[in-house]
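Undergrad: quick one, fold the following:
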Amino acid sequence: MDHGTILDSWLHCLEAHERSDSFLVHLDIATPPKTDFDIMSSTDLLRPSKKAKSTPKVQENISLGPQVRGDEEVFGVAHIFASFNDTFVHITDLTGRETISRVTGGMKVKADRDEASPYAAMLAAQDVAAKCKEIGITALHIKLRATGGNRSKTPGPGAQSALRALARAGMKIGRIEDVTPTPTDSTRKKGGRRGRRL
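TA: I've put the predicted structure just below:
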């Protein structure tokens with residue numbers, strides 16, 4: 001079938017369609033011509049175009065953690081900074097360069113005075129433990145830190161409860177290390193010569 005015959009039959013179809021609305025024409029082309037453009041069937045011209053049915057998307061499970069055997073522990077490092085104003089629970093990989101999760105007590109409570117409380121530290125530690133399990137970290141080395149320097153060397157009230165919450169959430173605890181910065185000599189402590197007066 002040549003192009004001239006196809007075009008003539010198209011024109012005939014269109015004229016017939018203009019005369020009656022219910023008229024529907026279908027062309028039988030045994031061997032369609034191989035050209036750069038596809039020739040639509042007459043039914044496609046006369047009917048409104050329908051959107052192609054979308055195939056359902058298959059959801060793939062992506063594992064973010066390392067490839068390990070079933071009985072092997074995957075370690076991360078929990079940097080717990082507990083001052084008297086807030087508690088930070090910061091999880092990194094073993095190098096310390098890659099942050100996995102970081103939650104503070106202030107992110108979990110609304111009142112400013114509760115930021116350093118053991119309850120806020122517990123909530124922060126639970127959030128962090130859930131993120132670790134999602135990634136595949138099953139054990140943690142702990143690095144505990146107070147403010148240090150020329151200020152308090154004692155960890156705040158949230159340190160112990162954060163550590164306990166990590167253990168209760170199912171994380172195995174490796175080494176526990178105190179990394180509070182201690183000065184060999186110190187700059188002058190704030191408060192003046194007569195000290196802080198209450």
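Undergrad: can you give me the helices for this protein?
TA: Using DSSP state H, the helices of the chain run over residues 3-19, 42-46, 118-135, 158-168.
Undergrad: worst average pLDDT in those?
TA: Of all the helices of the chain, the minimum mean pLDDT falls on helix 42-46 (a mean of 51).
Undergrad: so who does residue 57 touch?
TA: Listed by Cβ atoms under 8 Å, 6 or more residues apart in numbering, residue 57 has no contact partners. Using the backbone N, CA and C atoms, a C-beta is placed for each residue, glycine as well.
Undergrad: for residue 127, same thing?
TA: The contact partners of residue 127, by Cβ under 8 Å, 6+ apart, come to 101, 103, 108.
Undergrad: do residue 129 as well
TA: Contacts of residue 129 (Cβ under 8 Å, 6+ apart): 165-166, 169-171.
Undergrad: find the nearest non-adjacent residue to the residue minimising distance to the centre of the chain, please.
TA: In the chain, the C-alpha nearest the mean C-alpha coordinate belongs to residue 131, at 9.3 Å (Cα atoms, centre = their mean). In this structure, residue 131 finds its nearest non-sequential neighbour in residue 101, 4.0 Å apart by Cβ to Cβ, 6 or more residues apart in numbering.
Undergrad: can you name the residues bridging to the one you found?
TA: Per DSSP bridges, the residues bridged to residue 101 are residue 91.
Undergrad: ok, now how distant is it from residue 135?
TA: 8 Å (Cβ to Cβ, to the nearest Å).
Undergrad: who has more neighbours, these two?
TA: Between residue 101 and residue 135, counting by other Cβ atoms under 10 Å, residue 101 is the more crowded of the two (20 against 17).
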